[in-house]
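# How does the following fold in three dimensions:
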Amino acid sequence: MTEVVIASDEAEGSRLAALIVAAQIRTKPNCVLGVATGSSPLALYEELAAQKRTFDASGIRAFALDEYVGIAPTHPQAYRAVLLRTFMRPLGLNESALSVPAVEPFTLERTGVDYEQRITDAGGIDLQILGIGTDGHIGFNEPGSSLASLTRVKTLTSQTRADNARFFDPPDSVPVHCVTQGIGTILRAKHLLLLAFGETKARALAAAVEGPVTASVPASAIQLHPHVTVVVDEAAARELLNADYYRYAYEHQPSPARGRT
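Purely as a prediction, here's the structure:
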């Protein structure tokens with residue numbers, strides 16, 4: 001069963017998630033992290049930077065979950081730029097340790113294959129950080145995406161573009177296309193850490209964790225993975241049928257595993 005950790009609010013959830021990432025880095029100082037963008041992981045990255053004296057991050061490598069097509073890599077909302085600003089530089093990491101899918105027009109035909117090979121050459125992703133969209137997408141794998149899909153070019157739905165419009169000026173300048181790790185790619189990571197905060201994520205979260213595994217809710221594919229930690233706040237947990245059990249299970253973990261997730 002997916003481990004669900006219900007925190008009182010986003011601040012506590014982000015702190016707990018940061019402890020998980022920090023523990024991964026201490027356990028394997030040269031680990032490979034899969035890093036997401038969007039609003040969900042921002043507080044996690046801030047917490048991780050605040051804890052950086054407790055671990056040595058100099059040996060880690062990071063792979064972006066996705067990237068927009070059609071904007072320059074220096075655009076403030078290009079995911080390369082976002083990750084450099086919110087994750088890499090606060091941890092004192094060099095840009096060369098970050099891999100992002102190539103999105104130049106002449107690269108798109110092979111970008112998926114090339115990115116998959118880069119992940120393989122790095123030894124695979126040890127810990128993949130994920131958010132969840134209001135329609136249940138993970139990465140930019142929109143509803144209907146194959147559960148076996150690999151890194152590829154995708155067309156964003158109107159809902160996803162509307163959800164992301166707050167990051168763009170003007171709001172209608174959100175790109176229509178992206179390159180994203182596929183669901184099959186995500187499931188190859190050794191540990192998945194999914195974050196969901198706020199009541200707008202409640203329905204999608206419940207469908208992903210407790211509903212059937214279906215391409216209509218791409219995040220439901222996490223149920224197929226042997227090591228998943230889902231960290232949520234009370235607002236996002238409001239539609240979970242088994243919320244009381246998740247709280248009980250977290251409070252009664254065997255002592256050697258407590259905090260391990």
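# Against which helices or strands is the helix or strand where residue 47 lies packed?
Element membership for residue 47, per DSSP states H and E: helix 42-50. The contact analysis (3 or more Cβ pairs under 8 Å, 6 or more residues apart in numbering; DSSP states H and E) places helix 42-50 against helix 10-27. The way it works is simple: take the backbone N, C-alpha and C, and place the C-beta from them, glycine included.
# Could you look up the next helix or strand downstream of the helix it packs on?
strand 32-35.
# quick one on the thing from earlier: now do the helix holding residue 47 against helix 10-27, angle only.
Helix 42-50 runs at 50 degrees relative to helix 10-27, counting by axes from the mean of the first three to the mean of the last three Cα atoms, to 10 degrees.
# Now do helix 42-50: everything it contacts.
Contact partners of helix 42-50, identified using Cβ atoms under 8 Å, 6 or more residues apart in numbering, comprise 10-11, 14-15, 17-18, 21-22, 86-87, 90-91, 129, 195.
# try 6 Å this time
10, 14, 15, 17, 18, 21, 86, 87, 90, 91 (Cβ atoms under 6 Å, 6 or more residues apart in numbering).
# and which of the residues you listed is nearest residue 213?
Distance ranking of the contacts of helix 42-50 against residue 213, using Cβ to Cβ, places residue 17 first at 23.8 Å.
# In contact with that closest one, which residues?
44, 195, 231.
# And for residue 200?
Counted by Cβ under 6 Å, 6+ apart, residue 200 has contacts residue 134.
# pLDDT score for it?
As predicted, residue 200 sits at a pLDDT of 96.
# Let me know the secondary structure of residue 230.
Following DSSP: H, G, I helix; E, B strand; the rest coil, the label given to residue 230 is strand.
# Okay, and the beta partners of it?
Bridge pairing for residue 230 (DSSP bridges) gives the partners residue 4, residue 194.
# follow-up on the earlier one: pull the CA atoms of the helix holding residue 47 into PDB?
Extracted in PDB, the C-alpha atoms of helix 42-50 (Å, rounded to 0.1, in the frame of the first residue of the first chain):
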ATOM      1  CA  LEU A  42       8.500  25.000  -3.700                       C
ATOM      2  CA  ALA A  43       8.300  24.900   0.100                       C
ATOM      3  CA  LEU A  44      10.000  21.500   0.100                       C
ATOM      4  CA  TYR A  45      13.000  23.000  -1.800                       C
ATOM      5  CA  GLU A  46      13.100  25.900   0.700                       C
ATOM      6  CA  GLU A  47      13.100  23.500   3.600                       C
ATOM      7  CA  LEU A  48      15.800  21.400   2.000                       C
ATOM      8  CA  ALA A  49      18.000  24.500   1.600                       C
ATOM      9  CA  ALA A  50      17.400  25.300   5.200                       C
END
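# Could you give the average pLDDT over it?
pLDDT averaged over helix 42-50 gives 97.
# where along the stretch 101-250 of the chain do the strands fall?
127-130, 152-155, 177-180, 191-196, 228-233 (DSSP state E, counting those that start in this stretch).
# Who are the packing partners of the third one?
Counting contacts by 3 or more Cβ pairs under 6 Å, 6 or more residues apart in numbering; DSSP states H and E, the secondary-structure elements packed against strand 177-180 are strand 66-69, strand 152-155.
# of these, which approaches residue 246 most closely?
That would be strand 66-69 among those, by Cβ to Cβ, at 28.3 Å.
# Please list the outside residues in contact with the closest one.
Here strand 66-69 has contacts from 79, 100, 101, 103, 139, 140, 175, 177, 178, 179, 180, using Cβ under 6 Å, 6+ apart.
# neighbours of residue 19, just the number please.
16 (other Cβ atoms under 10 Å).
# So which residues of the stretch 151-261 of the chain form helices?
158-164, 183-187, 202-210, 243-251 (DSSP state H, counting those that start in this stretch).
# between the contacts of helix 42-50, which has the most around it?
residue 17 (27 neighbours).
# okay, and for the protein, where does confidence drop off?
For the chain, the stretches flagged by pLDDT under 70 are 1, 255-261.
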